[in-house]
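> Fold the following and give me the result.
(2 chains)
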Amino acid sequence: AQSVTQLDSHVSVSEGTPVLLRCNYSSSYSPSLFWYVQHPNKGLQLLLKYTSAATLVKGINGFEAEFKKSETSFHLTKPSAHMSDAAEYFCVVWGTYKYIFGTGTRLKVLA
Amino acid sequence: DTGVSQNPRHKITKRGQNVTFRCDPISEHNRLYWYRQTLGQGPEFLTYFQNEAQLEKSRLLSDRFSAERPKGSFSTLEIQRTEQGDSAMYLCASSTRAGGDLQETQYFGPGTRLLVL
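Numbers count the residues shown, from 1 in each chain, chains lettered A, B, ... in the order given. Predicted coordinates:
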């Protein structure tokens, strides 16, 4: 069965510093993985997805993620945090006709 | 393309009442999903439609829950005899399998927040 584990429930960074949100996955076959962001009172928005093409995936708003099979990880990074990045982030694995979500990481950006 | 819409956005009800939520997917998306998100958790899959056919249901979907997609367009999710444990955000998503894309991207609506008193 497929699953994802988000290793941090809360992450705080200062504006302008790098962001790292960690996600490990478990899958019995080559997974498809996604990162979504959820701003308050807004729907989930796709940041990026990995579907067995390039292992380094670039997404919107300067985010990227690297698929590492040896570490079963799919961590989300951004070189420089902006105040508007403050939100809840979800790592997701495709589980045959449905998404399987992690528990989320709340990102706080300090001025 | 106006995105996925859900109505109402908020619903407060008393325990034991019935509630119904509506989801309008992106036009020409043939797949529609319902998820439930409780506080501090990620969304959990409830059910899935391809066109008007309901193809999969989670064990989370007790017999008090029913979902329909009568003409393969909008969908409704009804909860009968609501319980306080039903309080959650109910999310709808739609998708279409693009040619050659083995795992489609789901587009989410803003959700309906239910509070059962």
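> Give me the phi and psi for the residue nearest the centre of chain A.
Closest residue to the average C-alpha location of chain A: residue A:35 at 3.8 Å, with C-alpha atoms, centre = their mean. When read as degrees, to the nearest 10, the backbone of residue A:35 gives phi -120, psi 130.
> ok, for it, nearest residue in space, not its chain neighbours?
Counting by C-beta to C-beta, 6 or more residues apart in numbering or on different chains, residue A:35 lies nearest to residue A:47, which is 4.3 Å off, once chain neighbours are set aside. C-betas here are computed from N, CA, C, even on glycine.
> Just the strands from the chain, written as ranges.
All of this is about chain A. A:3-6, A:10-14, A:19-21, A:23-26, A:33-38, A:44-50, A:56-58, A:64-68, A:73-78, A:87-94, A:99-101, A:105-110 (DSSP state E).
> ah, no, chain B please
Counting by DSSP E, one finds strands in chain B at the ranges B:5-7, B:10-13, B:19-24, B:31-37, B:44-50, B:53-57, B:65-68, B:75-79, B:88-95, B:107-108, B:112-116.
> Redo those strands as CSV? Include distance to residue A:81 and mean neighbour count.
Below are those laid out as CSV (distance: least, C-beta to C-beta, whole Å; neighbours: other C-beta atoms under 10 Å in any protein chain shown):
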stretch, distance to residue A:81, mean neighbour count
strand B:5-7, 30, 18
strand B:10-13, 31, 14
strand B:19-24, 33, 19
strand B:31-37, 25, 23
strand B:44-50, 29, 20
strand B:53-57, 38, 13
strand B:65-68, 39, 17
strand B:75-79, 37, 19
strand B:88-95, 26, 24
strand B:107-108, 24, 22
strand B:112-116, 28, 18
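> I'd like the ones you listed laid out as a markdown table, including mean pLDDT and distance to residue A:7.
A markdown table is the format used below for the strands of chain B (pLDDT from 0 to 100; distance: least, C-beta to C-beta, whole Å):
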| stretch | mean pLDDT | distance to residue A:7 |
| --- | --- | --- |
| strand B:5-7 | 96 | 31 |
| strand B:10-13 | 98 | 33 |
| strand B:19-24 | 98 | 32 |
| strand B:31-37 | 95 | 20 |
| strand B:44-50 | 94 | 20 |
| strand B:53-57 | 91 | 29 |
| strand B:65-68 | 96 | 32 |
| strand B:75-79 | 97 | 33 |
| strand B:88-95 | 96 | 24 |
| strand B:107-108 | 94 | 24 |
| strand B:112-116 | 97 | 28 |
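> Out of the ones you listed, which is closest to residue A:60?
strand B:107-108 (13.9 Å; C-beta to C-beta).
> ok, the residue nearest to residue B:110 when sequence neighbours are not counted - contacts?
Counting by C-beta to C-beta, 6+ apart, residue B:110 lies nearest to residue A:43, which is 4.5 Å off, once chain neighbours are set aside. For residue A:43, the contacting residues are B:3-4, B:91, B:108-111, by C-beta atoms under 8 Å, 6 or more residues apart in numbering or on different chains.
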